[in-house]
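Asks: this is the structure alone, sequence omitted:
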């Protein structure tokens, strides 16, 4: 799909504007709306008024939504590029569930605590699950087809989710907090837990963006990519490492949030075409905007309470998943 340069520039401008709008809404909208006059006071640390104090509390929440959304959107684009699978997504392929399992087991069985420990556990779980799903999806005739990877990932996700429940049920002391975390949300965020994740997210971001050339070559087929001088195995490993780090980081911080990595890359390809040098950064911007706007929507529809962002993204993503299956004629599903 050829997309003209003006359309690409307009797409970047649109997503940047959407991200700015989301940030403003995230700071002002909630159980208590905040007038624009009090936003600056809250941002600069002056919390003498209730509105300014609300802004100060929402700042780390907004930052977490941006970081996690960008990570999931970018990881989804990389996974779709590696596997050439339009249904690839950290949630559908079970990667988020695997990251969640490692974090829960670390808490329940080994009494592990602390943001750094959760991050390492999340990344390890995401990596182990990604390898497992790929091996299962590669078995048999035809190798790792999109259908087989999707089925392997879905089955793995269901099995892992059941195992998490089995681990948590005997532990009444952690059951409530873990079950709430499993839904996926950005509420209760703080800069103390967010800052340790920034280096991990940056490493994942750089690895993923650096894989754009390899992903462009893979889109033409493995044989042609090799003929163009690309190291396919090394490139795939680098891209997969970036996606795993991003998924593990986002899951450790927010819990398993699905469908962001599925929806966002498809929308970005409509804007920028199939060039991953453009699709990847656009996916990061669009993912941050989507997760942030989903969080804002969750605060609005259930006032004075709120819906966790994982529930909102499921409502948006599930119909898109069905549309994608039908659009690509994957009727075997």
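Replies: All right, it came through fine. Values in this document were obtained by computation on a predicted structure and should not be read as measured data.

Asks: so how far is residue 30 from residue 182?
Replies: Using C-beta to C-beta, to the nearest Å, we find residue 182 at a distance of 23 Å from residue 30. Bear in mind the C-beta positions are built from the backbone N, C-alpha and C, glycine included.

Asks: wait, residue 98
Replies: 33 Å.

Asks: show the pLDDT at the closest residue to residue 138 other than its chain neighbours.
Replies: Nearest residue to residue 138 in three dimensions, chain neighbours excluded: residue 144, at 4.3 Å (C-beta to C-beta, 6 or more residues apart in numbering). If you check residue 144, the pLDDT there is 75.

Asks: got it, and the one 3 residues further on?
Replies: According to the predicted model, the pLDDT of residue 147 comes to 78.

Asks: which helix or strand contains it?
Replies: helix 146-168 (DSSP states H and E).

Asks: which residues are in contact with the helix or strand following that helix?
Replies: Per DSSP H and E, helix 146-168 leads on to helix 172-183 as the next helix or strand towards the C-terminus. Helix 172-183 has contacts (C-beta atoms under 8 Å, 6 or more residues apart in numbering) with 100, 104, 107-108, 164, 168-169, 171, 255-256, 308, 310-311.

Asks: show me what the helix or strand just after helix 172-183 is packed against.
Replies: If you walk from helix 172-183 toward the C-terminus, the next helix or strand you reach (DSSP H and E) is helix 191-194. When contacts are defined as 3 or more C-beta pairs under 8 Å, 6 or more residues apart in numbering; DSSP states H and E, helix 191-194 sits against helix 50-83.

Asks: neighbours of the closest residue to residue 16 other than its chain neighbours, just the number please.
Replies: In space, and not counting its chain neighbours, residue 16 is closest to residue 285: 6.7 Å by C-beta to C-beta, 6+ apart. Look at residue 285: counted by other C-beta atoms under 10 Å, it has 23 neighbours.

Asks: ok, now the one 10 residues further on?
Replies: Counted with other C-beta under 10 Å, residues neighbouring residue 295 total 30.

Asks: skipping its backbone neighbours, what lies nearest it in space?
Replies: Closest to residue 295 by C-beta to C-beta, 6+ apart is residue 309, at 4.5 Å.

Asks: in contact with the one you found, which residues?
Replies: Residue 309 touches 65, 184, 185, 186, 254, 257, 291, 294, 295, 298, counting by C-beta under 8 Å, 6+ apart.

Asks: show the buried residues in the residues you listed.
Replies: Burial by neighbour count, judged by 16 or more other C-beta atoms under 10 Å, picks out 65, 184, 185, 186, 254, 257, 291, 294, 295, 298 from the contacts of residue 309.
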